[in-house]
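Peer 1: Below is the sequence, then the predicted model.
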Amino acid sequence: MASRDREETRRRLLDAAFVEFAAYGFGGARMERIARIAGCSAGLAYTYYGGKDALFDAVQCEVVDAAFVEFDAHDLPEYAARLYDRQHRHPELARLATWHQLERPGRVSRAAEVEAIRRAQRQGLVSTCFTAEQVLALVLAIASMWSNAPDDGSDHVARRRTVEDAVRRLVGP
């Protein structure tokens, strides 16, 4: 029984931290608020995660990565469209990613994706007008260009098609 309670508390802390970090970023998040939202003491939050750094990393690993979109260098337009879909359904993931880029740049390695794009470029499947790093940055930017925009009733399907088409034109050999 105690093991289940520990796991439930850990999960509540992760969920509360996700909400807090998405709303306030790493710098603005407060362990006391996270603990209050999770229904436990701040001391218990520190016991489970050791501090804000470790809790942020745990949120990144366990919550954000659970919503992972499989990367495919051979079909970057579809990858971008799936990433757009995910961000449309879960705008808080996009906010958290934005905070992560602003406050903790370089903490997530994209080396595997960059290398996959390089291979696709060598195979003639992806344009070599840009470096692999630039291609990845542009694809991610296009996929997320509406992620922080208010939902103005625009047609999701049309936006998705725009993302897919823009990336297709960008990477086409």
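Peer 2: Thanks, I have the structure now. Numbering: from 1, shown residues only.
Peer 1: Need the pLDDT of the residue nearest the centre of the chain.
Peer 2: Relative to the mean C-alpha position of the chain, the nearest C-alpha, by CA atoms, centre = their mean, is the one of Ala97, at 4.6 Å. As predicted, Ala97 sits at a pLDDT of 75.
Peer 1: Distance of it relative to Ser41?
Peer 2: Relative to Ser41, Ala97 is positioned 30 Å away (criterion: CB to CB, to the nearest Å). From N, CA and C alone the C-beta is placed, and that goes for glycine too.
Peer 1: got the buried residues for the helix or strand of the chain with the lowest mean pLDDT?
Peer 2: None of the helices or strands of the chain scores lower by mean pLDDT, DSSP states H and E than helix 91-103, at a mean of 76. Using 16 or more other CB atoms under 10 Å as the test for burial, helix 91-103 gives 91-97, 99-100.
Peer 1: Show me what it is packed up against.
Peer 2: With contacts defined as 3 or more CB pairs under 8 Å, 6 or more residues apart in numbering; DSSP states H and E, the secondary structure elements packing on helix 91-103 are helix 2-28, helix 76-89.
Peer 1: That one: how far from the chain's middle?
Peer 2: The chain centroid and the centroid of helix 91-103 are separated by 7 Å, computed with CA atoms, centre = their mean, to the nearest Å.
Peer 1: Which strands or helices does the next helix-or-strand element following it pack on?
Peer 2: Sequence-wise, the next helix or strand beyond helix 91-103 is helix 111-122, with elements assigned using DSSP states H and E. When contacts are defined as 3+ CB pairs under 8 Å, 6+ apart, helix 111-122 sits against helix 132-143.
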